[in-house]
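> Here is a sequence with its predicted model. Questions after.
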Amino acid sequence: MTAESTVPNPARQPHSLGRPPVSVLPPRAAAGPPFPTGPAAVRSDSALPLLVADGAAALPAALALPAVPHRPLFAALLMAVSLLLAPRHVRWMPTVLEELPAVCSRIAVAWLALAALAAACDPRYVLPASTLLAGFALQAAVGCAGRGTVHWRRRAALVSRPHSALVVGPSSTARRVAAAVLRHPRCGLRPVGIVADDTDGTEPLPVLTTDVEVRRAVVQNGVRDVLAVHPSVRERHAPLLRALAESGCAVWEMDVDSPSWPGRHPDRDRFAGFYGRRLAPGASRPGAGKRVLDVVVSGMLLLLFSPLLLACGVALRVSDGPGIVFRQERIGEGGRPFTMLKFRTHRPADAHESATRWSVADERRMTWLCRLLRRTSLDELPQLWNVFRGDMSLVGPRPERPYFVAKFTQVHPGYAARHRVPAGVTGLAQIHGLRGDTSIEDRARFDNVYIDTWSLWQDVCILLRTAATLVRPTGS
């Protein structure tokens with residue numbers, strides 16, 4: 001049985017965006033990426049040129065100063081500190097004057113920190129105030145010149161070749177924002193379509209009401225940015241925004257009528273007089289570090305728990321007879337099926353029951369040993385082998401059987417989006433008590449939050465919290 005035959009693909013059928021779309025982000029094995037990805041989708045607003053400018057500014061500032069002991073080491077440390085303090089957020093079209101206070105404050109902190117470190121290591125290395133001031137001024141001048149050059153080139157490129165954009169929101173609001181952006185070409189955006197629930201026929205741009213039309217607009221116009229112009233868009237069209245973000249588009253949340261972010265925020269930008277905040281739905285994708293963590297930890301746990309695995313296997317063999325390992329098809333990353341391993345705690349009546357019956361807590365047909373294994377989650381220990389071989393991850397959405405994946409995808413918007421990452425032995429939903437016979441809607445929401453905010457440290461925290469709650473009343 002393949003993912004294509006078990007997971008339906010309603011994304012190929014148009015639907016009204018007025019209803020919560022359940023098919024904008026189906027499992028990729030079933031329908032492929034909902035929007036184009038690849039080199040054409042790679043953005044040009046990378047932070048790398050600015051990091052190079054910040055790091056390069058520290059080098060002449062350190063090497064040009066007299067009476068600095070161990071000058072090469074001092075220059076390397078100054079460059080490292082400058083890069084650590086450099087902002088990670090890249091504004092849309094900033095100017096050097098706008099960034100001058102922040103740049104000068106970071107450089108001042110870097111010089112003061114290194115001066116204090118040098119004085120603490122050896123009193124002979126105390127830097128005079130004139131040296132600190134000269135070094136600060138030189139690095140600030142070179143850094144501002146470098147950053148100004150990067151910003152000037154980017155502004156010129158945006159004005160001459162503005163990014164194609166989609167405006168998502170209620171028809172009247174989207175029409176107003178699109179018209180304002182078109183009146184101000186220097187903001188670097190060129191709206192090419194409006195994504196709305198309906199149309200009144202007065203929109204200056206094409207109105208897209210189905211995911212097929214949105215996909216076509218993205219492909220034909222090379223859409224790079226998405227403006228969500230109403231607070232309801234973030235919740236109402238979350239799968240659409242997530243799919244667009246994964247295709248390489250920058251998603252901006254703009255509360256046009258009542259700005260929701262008073263004061264200064266580092267992630268705010270201006271578009272034709274409107275403030276926008278960069279969203280990152282699904283942008284934090286797990287990298288190689290996650291796989292390294294999986295291999296190292298699962299390998300160590302397999303060695304550490306090998307006596308326990310052997311004891312559980314022998315006890316099950318004596319208690320319940322042959323067939324101590326239960327193999328079941330589950331759906332993993334991209335909608336691809338794999339065989340998940342567990343200790344057998346229940347013997348289904350037939351293959352149909354195994355594939356379609358939902359888990360029931362305190363199954364009366366279980367022996368005391370099987371209930372103990374399930375209650376303590378020891379029945380899931382064989383999944384460490386799935387993790388080690390790459391079928392699963394230690395942390396991620398719990399995998400489900402094809403029958404239930406097809407069912408939940410139709411009923412719960414966002415459920416299919418869980419398959420963007422490898423399935424996991426534990427996850428954010430599980431440490432919040434969502435195991436066994438619990439809300440599928442809540443599970444999907446927690447799993448998507450985990451994916452959208454992924455970090456390696458979050459994986460470590462989830463593993464530690466799982467280790468602290470090994471005894472649980474139900475299993476999955």
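Now that the structure is in, tell me what you want to look at. Residues are numbered from 1 along each chain as shown.
> Averaged pLDDT, stretch 440-455. What do you get?
Averaged across stretch 440-455, pLDDT comes to 86.
> For Val411, the count of nearby residues, please.
The tally of other residues near Val411 (other Cβ atoms under 10 Å) stands at 10. Backbone N, C-alpha and C define where each C-beta goes, glycine included.
> List the buried residues for stretch 425-434?
Val425, Thr426, Gly427, Leu428, Ala429, Gln430, Ile431, Leu434 (16 or more other Cβ atoms under 10 Å).
> Select from these every entry located in strands.
Mapping the buried residues of stretch 425-434 onto strands (DSSP state E) picks out Val425, Thr426.
> Could you dump the buried residues of stretch 425-434 into CSV with distance to Leu378 and pLDDT added?
As requested, the buried residues of stretch 425-434 are exported to CSV (distance: Cβ to Cβ, whole Å; pLDDT from 0 to 100):
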residue, distance to Leu378, pLDDT
Val425, 13, 92
Thr426, 14, 92
Gly427, 19, 92
Leu428, 22, 91
Ala429, 20, 90
Gln430, 15, 89
Ile431, 18, 89
Leu434, 20, 84
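> closest to Val52 among the buried residues of stretch 425-434?
When these are compared for distance to Val52, the smallest value, 36.2 Å, is given by Leu428; criterion: Cβ to Cβ.
> and the gap between the closest residue to Ala118 other than its chain neighbours and Val81?
Closest residue in space to Ala118, ignoring its immediate chain neighbours: Tyr125 at 4.1 Å, by Cβ to Cβ, 6 or more residues apart in numbering. Tyr125 sits at a distance of 16 Å from Val81 (criterion: Cβ to Cβ, to the nearest Å).
> Compare neighbour counts for the two and give me the winner.
When Tyr125 and Val81 are compared on other Cβ under 10 Å, the one with more neighbours turns out to be Val81, at 19 against 16.
> was I right about that one contacting Leu112?
No: under the criterion of Cβ atoms under 8 Å, Val81 is not in contact with Leu112, lying 10.2 Å apart.
> How far off centre is stretch 308-323?
Centre-to-centre, stretch 308-323 and its host chain are 41 Å apart (Cα atoms, centre = their mean, to the nearest Å).
> Residues contacting that stretch, please?
Residues from elsewhere that reach stretch 308-323 (Cβ atoms under 8 Å, 6 or more residues apart in numbering): 302, 324-325, 343-344, 347, 367, 369-370, 373, 378, 381-382.
> so where is the chain shaky, pLDDT-wise?
1-47, 63-71, 85-92, 198-203, 257-269, 280-285, 347-365, 470-476 (pLDDT under 70).
> Report the residue ranges of every domain in it.
Domain ranges of the chain: 48-158, 162-279, 288-468, per automatic domain parsing.
> Can you pull the phi/psi pair for the residue nearest to Glu441 when sequence neighbours are not counted?
Leaving out its chain neighbours, the residue that sits closest to Glu441 by Cβ to Cβ, 6+ apart is His412, at 5.2 Å. Backbone torsions of His412, given as degrees, to the nearest 10, read phi -110, psi 110.
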